[in-house]
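Chemist: please work out how this folds:
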Amino acid sequence: AIIGKNNDPRYIKEFFRDKQRETTGEEELFGLPPRQHHKTNCSVRQQFILHAALDRFEQVSGPQGAAWRAPGVSGTDAMWVGLLCPVEDRRVYGYMTTTQIKFMLVVEDDANVNDQRTVDETIKRLFVKLHRIFLEYTLNPFSSLTGPIESQRFDQKVSECVSAYNRTIN
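Modeler: Now for the predicted structure:
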């Protein structure tokens with residue numbers, strides 16, 4: 001998810017490692033229209049997790065917007081928030097730019113991970129790539145700087161980036 005400075009959702013998408021979706025989504029259980037009619041490509045469950053993590057993001061960032069940063073840290077290390085919270089069988093990570101654009105990533109929790117530092121570094125590199133894709137999008141003079149991101153090119157690049165991440169963790 002990419003969340004704007006005023007906590008407005010800019011881009012939310014759910015990815016599946018095995019390309020298989022559940023036969024009955026939460027939307028169907030609650031009588032909501034199918035996902036393609038929603039502004040987000042994300043299940044209700046994932047949206048709930050993102051909202052909970054956004055609250056945690058606000059707590060961690062503090063009133064100045066960067067309370068987690070160590071003094072003297074710069075570059076992408078200064079934007080890396082890290083693990084925001086575990087939720088059920090998922091972990092939510094955060095990254096916030098200097099313009100207070102928030103990137104959040106929900107990943108399946110792998111209890112068999114031996115080296116959490118390696119996982120964190122891999123996720124940090126993924127955030128840096130996603131940030132670059134976002135910068136390319138915003139540098140386009142025809143891109144909207146507010147509201148949802150509805151660019152097919154942006155969506156394709158994000159999908160490729162997430163697919164590459166999924167291949168590295170398998």
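Chemist: quick check, pLDDT for the residue nearest to residue 97 when sequence neighbours are not counted.
Modeler: Nearest in space to residue 97, with sequence neighbours left out and distances taken as C-beta to C-beta, 6 or more residues apart in numbering, is residue 79 at 5.7 Å. Backbone N, C-alpha and C define where each C-beta goes, glycine included. pLDDT for residue 79: 86.
Chemist: do the same with the one 10 residues further on
Modeler: The predicted structure scores residue 89 at 85 on the pLDDT scale.
Chemist: for the nearest residue to it once chain neighbours are set aside, give me its contacts.
Modeler: Closest residue in space to residue 89, ignoring its immediate chain neighbours: residue 109 at 5.3 Å, by C-beta to C-beta, 6+ apart. By C-beta atoms under 8 Å, 6 or more residues apart in numbering, the contact list for residue 109 reads 86, 89-91.
Chemist: tally of neighbours for the residue nearest to residue 97?
Modeler: Close neighbours of residue 79, defined as other C-beta atoms under 10 Å, add up to 21.
Chemist: state the distance from it to residue 166.
Modeler: 23 Å (C-beta to C-beta, to the nearest Å).
Chemist: could you report the neighbour count for residue 120?
Modeler: 14.
Chemist: can you select the buried ones from the contacts of residue 109 in ChimeraX?
Modeler: Restricted to buried positions by 16 or more other C-beta atoms under 10 Å, the ChimeraX selection for the contacts of residue 109 reads:
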select :90,91
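Chemist: shouldn't residue 135 be within a helix?
Modeler: Yes. Residue state for residue 135 (DSSP: H, G, I helix; E, B strand; the rest coil) corresponds to a helix.
Chemist: tally of neighbours for it?
Modeler: 11.
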